[in-house]
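Peer 1: For reference, the sequence and a predicted model appear below.
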Protein chains: 2
Amino acid sequence: VKRVLTAVILIPIVILALFRAPLWLFTLLVLGVALLAAREYFDIAEATGFKPSRFLGYLFLVLSFLLLGGLAEVANIDNPRPFGTGDTVVAVLFWGLPLFAIITPLLFLLQSLDRESLSKSLADAALGYLVLPYVGFTLVLLPVLRVTANGPLYLLYLMLLVWCGDIAAYYVGRAIGKHKLAPRISPGKTWEGAIASVAGAVIVGILLFHFINPIANGFRSAHLLPAPAMRFGNAAVSFTSEIRIAPLWFVAAFSVCVNVAAQLGDLVESALKRGAGMKDSGTLLPGHGGVLDRIDALLFALPVGLLFYAFGMSRYFQHTA
Amino acid sequence: VKRVLTAVILIPIVILALFRAPLWLFTLLVLGVALLAAREYFDIAEATGFKPSRFLGYLFLVLSFLLLGGLAEVANIDNPRPFGTGDTVVAVLFWGLPLFAIITPLLFLLQSLDRESLSKSLADAALGYLVLPYVGFTLVLLPVLRVTANGPLYLLYLMLLVWCGDIAAYYVGRAIGKHKLAPRISPGKTWEGAIASVAGAVIVGILLFHFINPIANGFRSAHLLPAPAMRFGNAAVSFTSEIRIAPLWFVAAFSVCVNVAAQLGDLVESALKRGAGMKDSGTLLPGHGGVLDRIDALLFALPVGLLFYAFGMSRYFQHTA
């Protein structure tokens, strides 16, 4: 019951943030989630016996969101369509990510020189840096992908796939689950649930994509989306076009990949908690465990979303009717 | 003596590879060095008590070199000057690095689910991934920066700064060194040596830059550089221009930053070895310890070189006379 209540409150917030909040507010909200998740990550690392630098972790999370979020804002507002929308994503990712990917790990290595026991400094540095790709570079894809053509719709589509896969796994697994998927990591998970999850995602994925333009029109009537070709103030959201229907096999492949990534993300987070001897990563959300418990699947699904966007999906979402 | 002999053999090889080898061969040579360094990194990690995945580490080192090296080749040959040279670096880094920075860490997390003890899987994943930014993304900057205008000269300049700082620290430190720099990490290092190293780098840096065009002409007479404006076959090296002399303060700042980064890189590697209870990272090079011992300073100096190239140096090196 608690679980349902929390969901009922959270889902409208997510939709409002995704569709109506100005980009800067959306970026800050996602950053907040990333920081909460990072705190739980560090709790896990410490419970496992390490002491990675929280300070550097939080600092570079904030910096990467400021830089990448800021670049997304600039790329989209100051230069309306300076390149194609694909190129916006390119520009944003280029200037920000390599800086963080090349230089930040070295700073963690430097910082760890301070440790009393040098034999632990390498692991501390490595664990400290890992928080950035695990919760930072993944979640920052939300503001980055949001500024693309029909980005909010694409992201909602992705999230719905993750959620419905999760629900299918839970209920089917409970009803008919017999064969344990990974008893050592997460004893509750079954192969039946996992397969139902993939199947559910494919069905929902195909249905949603098929009706995506009527759905977009529904959002427009609800004033969640501006009319086509209208720019939405500071929000830097451009809905310039109808979405072209992609081939069935491509949508099915997309749904399968997103779903499998989501399930693997769930599994990884379960393993981290179990390795640290924890049940939930935190207690922030009543009935839902910690923040990391809620977003673990999304963390792995977002990069898959980026790949599909870069290699094909963008063509359908930025189609001009 | 061994040390001098090895150096006498190695330096000409480095210069030949940098200036004359085709880009693909140069990339493969650097990849070889990266793999040897990665092996020593994994030896250190295992001596410290972890078991990161060597397989994934080597695999993604190879993939990142293939992708980034391949992109450098394409960016430079198929489209002669498709963008500015700065943009080449941009394009190369963009398409390659984010993929590796976002997705690879998640694969290490997945792989580590296999470990017997889940409490070690997080650290193993983090340590396994760290080899990529530490020796991979740093060394791959060699082929990436080489394809820029006068790239080989810029890289040789950077390396000379690192080497001469190293020499100054060694001899001055031995002669007059009294105050220990970091006794816990590397008892041989002194503040006197470190300061001499910075001073030496600044002097050599300013002198070399001042005479960089005569030096370049010397290389041309020795057929190590092609004549200006001539493209050098498959090597994708373009020497299109004289190098404009940068302001003194900028060259001094560059020398200081490269030198400090190099010394810090040296310190970090010493700490890693000491944490693992090792003296040398390996015994490949007679008198020089392992590969990682030789390149530790360069690993930290190259990203600084990239930053300076992106934010200013490129203007001088791609100056058309």
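Peer 2: Sure, I can see it.

Peer 1: Look up how far A:Cys257 lies from the nearest residue to A:Ala262 once chain neighbours are set aside.
Peer 2: With sequence-adjacent residues excluded and distances taken as C-beta to C-beta, 6 or more residues apart in numbering or on different chains, A:Ala262 is closest to A:Ala297, at 3.7 Å. Backbone N, C-alpha and C define where each C-beta goes, glycine included. As judged by C-beta to C-beta, to the nearest Å, A:Ala297 and A:Cys257 stand 13 Å apart.

Peer 1: State the number of residues packed around the closest residue to A:Leu225 other than its chain neighbours.
Peer 2: Of all residues not flanking A:Leu225 in the chain, A:Phe219 sits nearest, at 4.2 Å (C-beta to C-beta, 6+ apart). Neighbour count for A:Phe219, taken as other C-beta atoms under 10 Å in any protein chain shown: 18.

Peer 1: follow-up on the earlier one: A:Ala297 and A:Cys257: who's more crowded?
Peer 2: A:Ala297 (28 against 17).

Peer 1: Tell me which helix or strand comes right after the helix or strand of chain A with the lowest mean pLDDT.
Peer 2: The weakest-scoring helix or strand in chain A, judged by mean pLDDT, DSSP states H and E, is helix A:85-111 (a mean of 74). Scanning forward in sequence from helix A:85-111 by DSSP states H and E, the next helix or strand is helix A:118-131.

Peer 1: Give the rounded mean pLDDT of that next one.
Peer 2: Averaged across helix A:118-131, the pLDDT comes to 91.

Peer 1: Report whether it contacts chain B.
Peer 2: Yes: Helix A:118-131 lies within reach of chain B by C-beta under 8 Å from any C-beta of the partner chain, at A:Leu118, A:Ser119, A:Lys120, A:Ser121, A:Leu122, A:Ala123, A:Ala125, A:Ala126, A:Leu127, A:Tyr129, A:Leu130.

Peer 1: List of residues touching whatever helix or strand comes next after that helix?
Peer 2: Where DSSP H and E defines the elements, the next helix or strand beyond helix A:118-131 is helix A:137-139. Taking contacts as C-beta atoms under 8 Å, 6 or more residues apart in numbering or on different chains, the residues outside helix A:137-139 that touch it are A:30, A:33-34, A:37, A:64, A:97, A:100, A:295, A:298-300, A:302-303, B:98, B:101-102, B:106.

Peer 1: same for the helix or strand just after helix A:137-139, what does it pack against?
Peer 2: With elements assigned by DSSP H and E, the helix or strand that comes after helix A:137-139 is helix A:141-146. Using 3 or more C-beta pairs under 8 Å, 6 or more residues apart in numbering or on different chains; DSSP states H and E as the contact test, the elements touching helix A:141-146 are helix A:23-47, helix A:54-77, helix A:85-111, helix A:151-176, helix A:291-308.

Peer 1: Name the residue of the stretch 151-300 of chain A that lies nearest to chain B.
Peer 2: A:Gly275 (3.7 Å; C-beta to the nearest C-beta).

Peer 1: which residues touch the closest residue to that residue other than its chain neighbours?
Peer 2: Leaving out its chain neighbours, the residue that sits closest to A:Gly275 by C-beta to C-beta, 6+ apart is B:Leu118, at 3.7 Å. Under the criterion of C-beta under 8 Å, 6+ apart, the neighbours of B:Leu118 are A:Arg184, A:Ile185, A:Ala271, A:Leu272, A:Arg274, A:Gly275.

Peer 1: Tell me how far B:Leu118 lies from B:Ala201.
Peer 2: For B:Leu118, the distance to B:Ala201 - C-beta to C-beta - is 47 Å.

Peer 1: can you check A:Val258 too?
Peer 2: According to C-beta to C-beta, A:Val258 and B:Ala201 sit 51 Å apart.

Peer 1: who's more crowded, those two?
Peer 2: Applying other C-beta under 10 Å to A:Val258 and B:Ala201 shows that B:Ala201 carries more neighbours, namely 29 against 26.

Peer 1: To B:Phe60, which of the helices and strands packed on helix A:141-146 lies closest?
Peer 2: With distances scored as C-beta to C-beta, the stretch of the helices and strands packed on helix A:141-146 nearest to B:Phe60 is helix A:85-111 (12.5 Å).

Peer 1: ok, residues contacting stretch A:41-54?
Peer 2: A:39, A:57, A:108, A:111-112, A:115, A:120, A:123-125, A:127-128, A:131, A:134-135, A:272-273, A:275-278, A:281-282, A:292, B:119-120, B:122-123.

Peer 1: out of those residues, which are buried?
Peer 2: Among those, those scoring as buried are A:39, A:57, A:108, A:111-112, A:115, A:120, A:123-125, A:127-128, A:131, A:134-135, A:272-273, A:275-276, A:278, A:281-282, A:292, B:119-120, B:122-123 (criterion: 16 or more other C-beta atoms under 10 Å in any protein chain shown).

Peer 1: give me the low-pLDDT residue ranges for the stretch 151-300 of chain A?
Peer 2: Applying pLDDT under 70 to the stretch 151-300 of chain A flags the ranges A:226-241, A:280-289.

Peer 1: try 80
Peer 2: Where the stretch 151-300 of chain A drops to pLDDT under 80, the residues are A:177, A:220, A:222-242, A:278-289.

Peer 1: Show me where it has its helices.
Peer 2: Assigned by DSSP state H, counting those that start in this stretch, the stretch 151-300 of chain A shows helices spanning A:151-176, A:191-210, A:212-221, A:248-275, A:291-308.

Peer 1: so A:Thr27 makes contact with A:Gly69?
Peer 2: Yes: assessed by C-beta atoms under 8 Å, A:Thr27 is found in contact with A:Gly69 at 3.5 Å.

Peer 1: any residues in contact with both of those two?
Peer 2: Residues touching both A:Thr27 and A:Gly69 by C-beta under 8 Å, 6+ apart: A:Pro143.

Peer 1: Of the helices of the stretch 151-300 of chain A, flag the one that's most buried.
Peer 2: Most buried of the helices of the stretch 151-300 of chain A by mean neighbour count (mean count of other C-beta atoms under 10 Å in any protein chain shown) is helix A:291-308; its value is a mean of 24.

Peer 1: List of residues touching the helix or strand that it is followed by?
Peer 2: For helix A:291-308, the succeeding helix or strand toward the C-terminus, using DSSP H and E, is helix A:314-317. Residues from elsewhere that reach helix A:314-317 (C-beta under 8 Å, 6+ apart): A:85-86, A:148-151, A:153-154, A:243-246, A:309.

Peer 1: What average pLDDT does helix A:314-317 get?
Peer 2: The average of the pLDDT scores along helix A:314-317 is 80.

Peer 1: That one: which residues count as buried?
Peer 2: Those buried within helix A:314-317 under the rule 16+ other C-beta under 10 Å are A:Ser314, A:Tyr316, A:Phe317.

Peer 1: got the residues of the stretch 151-300 of chain A near chain B?
Peer 2: Contact residues (C-beta under 8 Å from any C-beta) of the stretch 151-300 of chain A with chain B: A:182, A:184-185, A:264-265, A:267-268, A:271-272, A:274-277, A:299-300.

Peer 1: hmm, 10 Å instead?
Peer 2: A:182, A:184-185, A:261, A:264-265, A:267-277, A:299-300 (C-beta under 10 Å from any C-beta of the partner chain).

Peer 1: And the nearest residue to A:Leu61 once chain neighbours are set aside, what's its pLDDT?
Peer 2: Leaving aside its chain neighbours, A:Leu61 sits nearest to A:Gly136 (4.9 Å; criterion: C-beta to C-beta, 6+ apart). We have a pLDDT of 94 for A:Gly136.
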